[in-house]
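A.B. asks: quick one: sequence and predicted model below, then my questions.
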Protein chains: 2
Amino acid sequence: MPDLQDSPFLRACRQEPVPHTPVWFMRQAGRSLPEYRELRGTGSILDAIHTPDLATEITLQPVRRHGVDAAVLFSDIVVPIQAVGFGVDVVPGTGPVVEEPFAGAGDLERLRPLEPEQDIPYVLETVRNLVDVLEVPLLGFAGAPFTVASYLIEGRPSRTYAKTKAMMLGEPALWHDLIDRLADLALGFVRAQVEAGASAIQLFDSWAGALTPEQYEAHVLPASRKVFDGLADLGVPRVHFGVGTGELLGLFADAGADVVGVDWRVPIDAGWERIGLDKGIQGNLDPAACLAPWPAVEHEVRGVLNRIAGRPGHIFNLGHGVLPETDPTVLTRIVELVHERTAA
Amino acid sequence: MPDLQDSPFLRACRQEPVPHTPVWFMRQAGRSLPEYRELRGTGSILDAIHTPDLATEITLQPVRRHGVDAAVLFSDIVVPIQAVGFGVDVVPGTGPVVEEPFAGAGDLERLRPLEPEQDIPYVLETVRNLVDVLEVPLLGFAGAPFTVASYLIEGRPSRTYAKTKAMMLGEPALWHDLIDRLADLALGFVRAQVEAGASAIQLFDSWAGALTPEQYEAHVLPASRKVFDGLADLGVPRVHFGVGTGELLGLFADAGADVVGVDWRVPIDAGWERIGLDKGIQGNLDPAACLAPWPAVEHEVRGVLNRIAGRPGHIFNLGHGVLPETDPTVLTRIVELVHERTAA
């Protein structure tokens, strides 16, 4: 087995020189792959996550097919809250749907601490299966407190986060209690993944970009920092990602990440300046661009690489998850192109 | 009748000193008002737009209730495309839905030029009704070519704009022909509103924030510029707005607007620097913050005003439309607070 610490992905997380820029894709395991659709059929993603053999195979599919430089655990940000009994499902075509949304202090007790070996043995088994066979690092992940809170309060995906913001601004003590519990859950969830063998973790604050910088700094950053600080002793790279975070990138870095992921809206060189050149950066090809003909995709990929200009510490990725309608052969060509163009 | 050219709204558009900062709200006429819900009932918004007495009354409602400094025509960005026969409806709870989406060159002929007196007499009658009775300026508007194109291609509201971007990047000649026609339609639509008496216009490129700056500059900016340039001889202020445009603000200004609207994600002083201090700025209270208790709303309003620091050329607004669940008495208090805090 190769020493994973020497892998391009982990070297890039540490801003060390690499033989080629590492590539992985958010949602690389998923509906863009025919072999995934064949395995999964219909039904909730949570059923597949609860079945280690299935979750293991789904995690491996894109690694085999695309030759990406990291595997990302097939999981979901609602797994720990479901595991402690806060009724939630992931409805195909909709996303997370909560049976009884979080509405007040009486709901806090529905968010007890996670006991990984009892609550998520299936996740730990999947991680252990994977690290036995993978030749690239396995990235674990959790949802960040704000993004998970938004699902708990809204009850389903939202475009406006109106109830969430009303609680955050109008009931700050309750809000703090809520996201502090969610920070503990996220921390317990990712620590357990690392202890089972994951080489790095990503905190998805996918929807934090809906906030003003002032709102984020006052009401969200402390909880995300608690997660990152709580991982420091494990020594694994910590990636922090959200969509539409152009104005938040400095704060995202301040929360304690080693690498910050950026979406496609920010030119990646400008984003890196905001994050700080002492951190790594991940991104940022427009996932929708992957649906264009190859010459247009190639133009966009080269644009990202040109802006990076060879600086160590870049992990190539999309600016958000793979769209289900993406032709997977395009993703494979992107991996090849990035590897070839950045070969040392 | 007062001279509207001396109104706070039009003075602010020209960056002249004002007796108080003018305020209006995107979607001020609409579902947040009980008197609107009573008038409208169910049914398509397009039916109400086609009925001048109704559209006039709906436009006046928020002016009476809130004391805002501008009226905004009750209309919709799909009005001109519907008027030339491109089948589209606005479905309550969904948004614009196109019967047969735009798919190729054969669909271009479905977008013939607008002949306002024949195609949209109801809009012109509404504008004429309004300018007879209004004591504040009337703002007309149109959808910008990119945003309208996204509805025509996707067929309905989209989160990813995947088909739109695939056409833009993959079939640039077709894309150019499409948005050039949409620029002509938008231009014809707003010119007619100004000629009927509107005092200013706003171009809504609501979803342009989904683009990278490079995509926007190459594939969208020229069409929006055509609209702004085509209005120059009329001498009315031209406002340009989109959501999530933090990285595009300089390009939005370059397209030829006199005032650029910004959403809440960008601190408004930082946004103004990107737009250029020689232009006006509109915004940028978080619409979701309006659902919080009043002290939190007041804190957010003061935050915007503090960042403006009295510089002439600011029009207070939300960073996007009023949310339907907003308590309208909060909006009235915001108008009062802004007027009071900025009184010369």
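C.D. replies: Ah, there it is. Numbers count the residues shown, from 1 in each chain, chains lettered A, B, ... in the order given.

A.B. asks: close to chain B: what parts of chain A are there?
C.D. replies: With Cβ under 8 Å from any Cβ of the partner chain as the criterion, chain A meets chain B at residues A:160-166, A:169-170, A:209-215, A:244, A:246-247, A:264-267, A:270, A:286-289, A:291-293, A:296, A:299-300, A:303, A:323, A:325. In short, each C-beta sits where N, CA and C put it, glycine included.

A.B. asks: narrow those residues to those that are buried.
C.D. replies: A:160-166, A:169-170, A:209-215, A:244, A:246-247, A:264-267, A:286-289, A:291-292, A:296, A:300, A:303, A:323 (16 or more other Cβ atoms under 10 Å in any protein chain shown).

A.B. asks: what ranges do the helices span in the stretch 151-300 of chain A?
C.D. replies: A:162-170, A:172-195, A:213-219, A:221-231, A:249-254, A:268-275, A:294-308 (DSSP state H, counting those that start in this stretch).

A.B. asks: and these, which is most packed in?
C.D. replies: helix A:162-170 (a mean of 23; mean count of other Cβ atoms under 10 Å in any protein chain shown).

A.B. asks: for it, packing partners?
C.D. replies: helix A:145-154, helix A:172-195, helix A:213-219, helix B:294-308 (3 or more Cβ pairs under 8 Å, 6 or more residues apart in numbering or on different chains; DSSP states H and E).

A.B. asks: orientation of that helix relative to helix A:145-154 in degrees?
C.D. replies: Interaxial angle of helix A:162-170 relative to helix A:145-154 (axes from the mean of the first three to the mean of the last three Cα atoms, to 10 degrees): 120 degrees.

A.B. asks: got the helices of the stretch 151-300 of chain A as TSV, with mean pLDDT and distance to residue A:105 columns?
C.D. replies: Converted to TSV, these look like this (pLDDT from 0 to 100; distance: least, Cβ to Cβ, whole Å):
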stretch	mean pLDDT	distance to residue A:105
helix A:162-170	97	11
helix A:172-195	98	6
helix A:213-219	97	17
helix A:221-231	98	17
helix A:249-254	97	28
helix A:268-275	98	36
helix A:294-308	98	46
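
A.B. asks: residue A:344 in helix, strand or coil?
C.D. replies: Three-state assignment for residue A:344 (DSSP: H, G, I helix; E, B strand; the rest coil): coil.

A.B. asks: residues touching it, list them.
C.D. replies: When contacts are counted by Cβ atoms under 8 Å, 6 or more residues apart in numbering or on different chains, residue A:344 touches A:17-20.

A.B. asks: give me that answer again for 7 Å
C.D. replies: Contact analysis of residue A:344 by Cβ atoms under 7 Å, 6 or more residues apart in numbering or on different chains lists A:17, A:19-20.

A.B. asks: please verify my assumption that residue A:80 contacts residue A:185.
C.D. replies: Yes: with contact defined as Cβ atoms under 7 Å, residue A:80 counts as touching residue A:185 (4.6 Å).

A.B. asks: quick check: neighbours shared by these two?
C.D. replies: In contact with both residue A:80 and residue A:185: residue A:114, using Cβ under 7 Å, 6+ apart.

A.B. asks: what is the burial count for residue A:117?
C.D. replies: 9 (other Cβ atoms under 10 Å in any protein chain shown).

A.B. asks: residues of the helix or strand harbouring it that come out buried?
C.D. replies: Using DSSP states H and E, residue A:117 sits in helix A:116-119. Buried residues in helix A:116-119, defined by neighbour count with 16+ other Cβ under 10 Å: A:116, A:119.

A.B. asks: contacts for that helix next, please.
C.D. replies: A:83-84, A:124, A:188, A:192.

A.B. asks: and it, C-alpha only, in PDB?
C.D. replies: Output of helix A:116-119 as PDB, limited to C-alpha atoms (Å, rounded to 0.1, in the frame of the first residue of the first chain):
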ATOM      1  CA  PRO A 116     -20.700   6.900  17.400                       C
ATOM      2  CA  GLU A 117     -20.300   3.200  18.200                       C
ATOM      3  CA  GLN A 118     -24.000   2.900  19.100                       C
ATOM      4  CA  ASP A 119     -25.500   5.500  16.900                       C
END
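
A.B. asks: what's the first helix or strand after that helix?
C.D. replies: Heading C-terminal from helix A:116-119 (DSSP H and E), you reach helix A:121-133.

A.B. asks: so which residues make contact with the helix or strand following that following helix?
C.D. replies: Heading C-terminal from helix A:121-133, the first helix or strand you meet, by DSSP H and E, is strand A:138-143. Contact with strand A:138-143 is made by A:70-73, A:75, A:77, A:80, A:127, A:130-131, A:186, A:189-190, A:193-194, A:197-204, as judged by Cβ under 7 Å, 6+ apart.

A.B. asks: output strand A:138-143 as CSV, nothing but the C-alphas.
C.D. replies: Extracted in CSV, the C-alpha atoms of strand A:138-143 (Å, rounded to 0.1, in the frame of the first residue of the first chain):
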residue,chain,number,x,y,z
LEU,A,138,-10.8,9.0,2.2
LEU,A,139,-12.4,12.3,3.0
GLY,A,140,-15.0,12.3,5.7
PHE,A,141,-17.5,15.1,6.2
ALA,A,142,-20.2,16.7,8.2
GLY,A,143,-22.7,19.5,7.7
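
A.B. asks: state the mean pLDDT of it.
C.D. replies: The pLDDT scores in strand A:138-143 average 98.

A.B. asks: listing partners with orientation, what would you give for that strand?
C.D. replies: If you go by DSSP bridges, strand A:138-143 pairs up with strand A:71-72 (parallel), strand A:200-204 (parallel).
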